[in-house]
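In: Dropping a prediction and its sequence here:
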2 protein chains.
Amino acid sequence: MFSLAVLSLRLRSSGCHQIRRSVATVVSGNKTSRLVRERLRQQVEDMTGLFSGFRPGLVVLQVGDRDDSNLYISTKLRAAAEIGIEAKHLRLPKTTTQEEVLQNIRSINENQSVHGLIVQLPLDSVNSIDTELITNAVSPEKDVDGLSCINAGKLSRGDLKHCFIPCTPNGCMELIRQTGVSVGGKHAVVVGRSKIVGAPMHDLLLWNNATVTTCHSKTPDLPEQVSRADILVVGVGQAEMVRGEWLKEGGVVIDCGINHIADETKPSGKRVVGDVHYASANQRAGFITPVPGGVGPMTVAMLMENTVQSAQRFLLKNQPKR
Amino acid sequence: MFSLAVLSLRLRSSGCHQIRRSVATVVSGNKTSRLVRERLRQQVEDMTGLFSGFRPGLVVLQVGDRDDSNLYISTKLRAAAEIGIEAKHLRLPKTTTQEEVLQNIRSINENQSVHGLIVQLPLDSVNSIDTELITNAVSPEKDVDGLSCINAGKLSRGDLKHCFIPCTPNGCMELIRQTGVSVGGKHAVVVGRSKIVGAPMHDLLLWNNATVTTCHSKTPDLPEQVSRADILVVGVGQAEMVRGEWLKEGGVVIDCGINHIADETKPSGKRVVGDVHYASANQRAGFITPVPGGVGPMTVAMLMENTVQSAQRFLLKNQPKR
């Protein structure tokens, strides 16, 4: 009797006479990142009020002049300015050698007014530069991208309080929190094992007490693995690879993909899609992030969060005069 | 017809008239560790032949005088001597301070005749000592236990060639190799997420291309998760927790547990069992490690392997005169 009553209510509220499952709730990264940035702006204001003249400092080091890098950097600088972070863009020419990059990093490591240092990748140099060496030259205390071995080691072994968490997975966790779905005890599936998305995402979900399965290009039964996910995070860089039919009904779907596909209806001739086929996933998931406007805007917000956190740690350690 | 013929052969070979599944093949750590140690002995002999007077050097640093630590250390020293590694036991008194331990580590880090340095845990001092700080003070180039953040970071992000792999999971991989079962594309399940077993085991399986699920104390459906494992590695420290009924038929079961339980039939009143209930697991698994004589002996063998590898890396870097 009860279920019939519910059915009848549903039919009425859906405004039609066919049984229709409601679509997933959209988890907006635009909205959530705005909230994060507003919170950070307030925190910086408080900091500056308490320690007059103090401002969190961020340096974005770039080698060369790639268009995509320029675009990403300008987004970061704009977000920083909005929050009250003192951000500097240090652009080195394409002719820069590895040793010159290292010298610059060492000098910034020692500069007490800088609390966060990120190296914009890929390095666009005519010389051969070891990216791994550069990433690990950044002082772990200023590595707000969280990409150095030491930060990765701490995160992977559960020492989340003493490391910087890479920005994209940290943004995903924030979006998962927004859904109200608790992570502990859930089965999470991560598709992809990259250094900046999949691998640290696994760590974060695991140390938030999910049972975690990591899938990748060598997983033979991806649809089956994905079908068990209460929480699914996808970061593989393949347009619309994960299909709606694969999903567990009512689950949380976080899509880290940013892929450009042809679309004749657009003036540019293309559009941006994620790694998840949104139109079908939308019909099965309980919560889903859109692309664009999902994980993307969170990444920059979390970079700002790490920078503010680094400045707070610096203040705790050094306590300048009020 | 064919299957009937096979059945008939099986019945005859089993020597009875009931259909009986054969028990799992035992994967012996005693045997495999002997093979590893013999290979290492040969490698050290070759090294000493090529670079006269050269020997791999290992220091085991102990604080205090715990009985269990003394026993472990003597096993390590004996294995080293057998292989031709120059091993020294440095025992500091219980009254040692953190700074004194750090000073000793720094001095060993600089000693060119030492290629491996392990700190026997737990530290048995009357003073408060930060174990994490001590572990990370060991130079990453000599951290043959593979427990420092830098080594963990490299392992967790797939840079297996430039790190030291923690000895117990490395031993488990060697045992899995012994079965002839390939890891790539398989579904591996790791139960436990400790720094020395579960977490690095996940990394090793993942970067050997398994799809990996990590379970732990907060996993609500452990039997179900375990039932999907082509390869199962258990390291939780709970006697006989994983039951045979949970297992996927024919899978590989690696048991890292060493637990003492009461047994009145033994003169000591107790016996050692693993984290897997052997008698039932034995009936379903395709391959299984016994306890004792499985993973245990492999841990010491892999410590020796890391030490020899470190000495080889040192030689490659420094090339002393022949």
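Out: The structure has been received and is ready for your questions. Keep in mind that this is a model prediction, so the values were computed, not measured. Numbers count the residues shown, from 1 in each chain, chains lettered A, B, ... in the order given.
In: Next, count neighbours for the residue nearest to residue A:211 when sequence neighbours are not counted.
Out: In this structure, residue A:211 finds its nearest non-sequential neighbour in residue B:219, 4.5 Å apart by C-beta to C-beta, 6 or more residues apart in numbering or on different chains. (C-beta placed from N, C-alpha, C; glycine too.) If you count neighbours by other C-beta atoms under 10 Å in any protein chain shown, residue B:219 ends up with 21.
In: Report whether residue B:219 is found in a helix, as I expect.
Out: No - according to DSSP: H, G, I helix; E, B strand; the rest coil, residue B:219 belongs to no helix; its state is coil.
In: Can you name the residues that contact it?
Out: Shown in contact with residue B:219 (C-beta atoms under 8 Å, 6 or more residues apart in numbering or on different chains): A:185, A:211, B:225.
In: Show the contacting residues for the residue nearest to residue A:270 when sequence neighbours are not counted.
Out: Among residues not flanking residue A:270 along the chain, residue A:260 sits closest, at 4.9 Å (C-beta to C-beta, 6+ apart). Shown in contact with residue A:260 (C-beta under 8 Å, 6+ apart): A:270, A:271, A:272.
In: ok, of those, which come out buried?
Out: residue A:272 (16 or more other C-beta atoms under 10 Å in any protein chain shown).
In: Sticking with residue A:49, tell me its helix or strand.
Out: helix A:29-50 (DSSP states H and E).
In: Packing partners of that helix?
Out: Applying 3 or more C-beta pairs under 8 Å, 6 or more residues apart in numbering or on different chains; DSSP states H and E, we find helix A:29-50 packed against helix A:67-83, helix A:167-179, helix A:295-318.
In: Give me the residues contacting that helix.
Out: Taking C-beta under 8 Å, 6+ apart as the rule, helix A:29-50 contacts A:54-56, A:79, A:82-85, A:171, A:174-175, A:178, A:289-290, A:293-298, A:300-302, A:304-305, A:308, A:311-312, A:315, A:322.
In: could you point out which element follows it?
Out: That would be, after helix A:29-50 and using DSSP H and E, strand A:57-63.
In: Would you mind measuring from residue A:138 to chain B?
Out: Distance of residue A:138 to chain B, given as C-beta to the nearest C-beta, to the nearest Å: 13 Å.
In: and that residue, what does it touch?
Out: Taking C-beta under 8 Å, 6+ apart, we find residue A:138 in contact with A:105, A:109, A:117, A:118, A:119, A:145, A:148.
In: quick one, phi/psi of the fifth one?
Out: Just to be clear, that refers to residue A:119. phi -100, psi 120 (degrees, to the nearest 10).
In: Hmm, residue A:61 and it touching each other?
Out: Yes - at 4.9 Å, residue A:119 counts as touching residue A:61 under the criterion of C-beta atoms under 8 Å.
In: that older thread, so which bits of the helix holding residue A:49 are buried?
Out: A:29, A:32, A:33, A:36, A:37, A:40, A:41, A:43, A:44, A:47.
In: what about the residue most central in space within chain A, distance to chain B?
Out: When C-alpha atoms, centre = their mean is applied to chain A, the residue found nearest the centroid is residue A:168 (1.5 Å). If you measure residue A:168 against chain B using C-beta to the nearest C-beta, the figure is 15 Å.
In: what about the closest residue to residue A:126 other than its chain neighbours, distance to chain B?
Out: Distances taken as C-beta to C-beta, 6+ apart place residue A:94 nearest to residue A:126, at 5.3 Å, with adjacent residues excluded. As judged by C-beta to the nearest C-beta, residue A:94 and chain B stand 27 Å apart.
In: ok, now residue A:186?
Out: 9 Å.
In: so what's the closest residue to that residue other than its chain neighbours up against?
Out: Leaving aside its sequence neighbours, residue A:186 sits nearest to residue A:230 (C-beta to C-beta, 6+ apart; 4.1 Å). Counting by C-beta under 8 Å, 6+ apart, residue A:230 touches A:181, A:186, A:187, A:188, A:248, A:251, A:252.
In: could you flag which of these are buried?
Out: Buried among those by 16+ other C-beta under 10 Å: A:186, A:187, A:188, A:248, A:251, A:252.
In: Dihedrals phi and psi, the fourth one?
Out: Read it as residue A:248. Dihedral angles for residue A:248 - degrees, to the nearest 10 - are phi -70, psi 130.
In: hmm, back to that, which of the buried ones among the contacts of residue A:230 sits closest to chain B?
Out: Nearest to chain B, judged by C-beta to the nearest C-beta, of the buried ones among the contacts of residue A:230 is residue A:187 at 7.8 Å.
In: Across the sheet, point out what pairs with that closest one.
Out: As for beta bridges, residue A:187 partners with residue A:211 under DSSP bridges.
In: Get me the contact residues on the stretch 151-300 of chain A for chain B.
Out: A:151-159, A:184-185, A:187, A:193, A:195, A:199, A:202-203, A:206, A:209, A:211-216, A:218-221, A:225 (C-beta under 8 Å from any C-beta of the partner chain).
In: Sitting in helices, which of the residues you listed do you find?
Out: A:151, A:152, A:153, A:154, A:155, A:156, A:199, A:202, A:203, A:206, A:225 (DSSP state H).
In: my guess is the fifth one meets residue A:169, correct?
Out: What it means is residue A:155. No - using C-beta under 8 Å, residue A:155 is not in contact with residue A:169; the gap is 9.1 Å.
In: shared neighbours of the two, which are they?
Out: In terms of C-beta under 8 Å, 6+ apart, residue A:155 and residue A:169 are both contacted by the residues A:200, A:203, A:204.
In: Save those residues as CSV, and put in pLDDT and neighbour count too.
Out: Formatted as CSV, those follow (pLDDT from 0 to 100; neighbours: other C-beta atoms under 10 Å in any protein chain shown):
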residue, pLDDT, neighbour count
A:200, 98, 29
A:203, 98, 27
A:204, 98, 23
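In: Which one of those is nearest to chain B?
Out: residue A:203 (7.3 Å).
In: what residue ranges in chain A score low on pLDDT?
Out: Within chain A, the stretches with pLDDT under 70 are A:1-21, A:320-322.
In: Domain parsing of it, as residue ranges.
Out: According to automatic domain parsing, chain A comprises the domains A:53-144, A:163-299.
In: looking at these, which is closest to residue B:240?
Out: Residue B:240 sits nearest to domain A:163-299 of all the domains of chain A, at 21.5 Å, using C-beta to C-beta.
In: Quick check: whichever residue of the stretch 1-150 of chain A sits closest to chain B vs residue A:108, distance?
Out: In the stretch 1-150 of chain A, the residue that lies nearest chain B is residue A:149 (3.4 Å; C-beta to the nearest C-beta). With distances taken as C-beta to C-beta, to the nearest Å, residue A:149 is found 19 Å from residue A:108.
In: who's more crowded, those two?
Out: residue A:149 (26 against 22).
In: is it true that the residue of the stretch 1-150 of chain A closest to chain B touches residue B:153?
Out: Yes - the criterion here is C-beta under 8 Å, and residue A:149 meets it with residue B:153 at 3.4 Å.
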